[in-house]
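Chemist: Model the structure of this input:
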Amino acid sequence: MSDPSAADPRLGQTVRHRRYVPYSHAHYGGNLVDGAYVLGLFGDVATETSIRTDGDEGLFASYSDIQFLAPVLAGDVLEVTATITRVGRRSREMRFEARVLCRADPGRGPSAARVLDDPIVVVTATGTVVAPA
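Modeler: Numbering: from 1, shown residues only. A predicted model of the protein is given here:
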């Protein structure tokens, strides 16, 4: 018996958002931003993915895995992605990734920043969104 989601056109659908992290979101010393900030971005990109694939915002039901791999700092430019990895009757499993593309460089000046040659993966997660019947 074949996997019904294997042929589903929603499988592999990827949506990307980019966001500048404002200094008003720094909560800790060294302009560190809390991990919940990125989880909020994952919710936003999951919502767009659900709209594009199911015509509805859906409901974020759970995370099954979250890995905080590196710090997010005020002044970063983040790219967050959601990719559908499994399609059930009403559930959609998504893989999330947040990467830093640009970072503030205060050593060169108060508004200096640089584009990173190698983006830094800062958070990964797996989550489930439920679509209405």
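Chemist: pLDDT weak spots in the chain?
Modeler: For the chain, applying pLDDT under 70 flags the ranges 1-6.
Chemist: so where do the helices sit in the chain?
Modeler: 35-54 (DSSP state H).
Chemist: can you give me the strands in it?
Modeler: 14-20, 26-28, 32-33, 59-68, 72-73, 77-87, 91-104, 113-130 (DSSP state E).
Chemist: Save these as TSV, and put in mean neighbour count too.
Modeler: To be clear about C-beta, it is placed using only N, CA and C from the backbone, and glycine gets the same treatment. Putting the strands of the chain into TSV (neighbours: other Cβ atoms under 10 Å) gives the following:
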stretch	mean neighbour count
strand 14-20	14
strand 26-28	13
strand 32-33	18
strand 59-68	13
strand 72-73	22
strand 77-87	20
strand 91-104	20
strand 113-130	16
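Chemist: Minimum distance to D8: which of these has it?
Modeler: Closest approach to D8 among the strands of the chain (Cβ to Cβ): strand 77-87, 4.4 Å.
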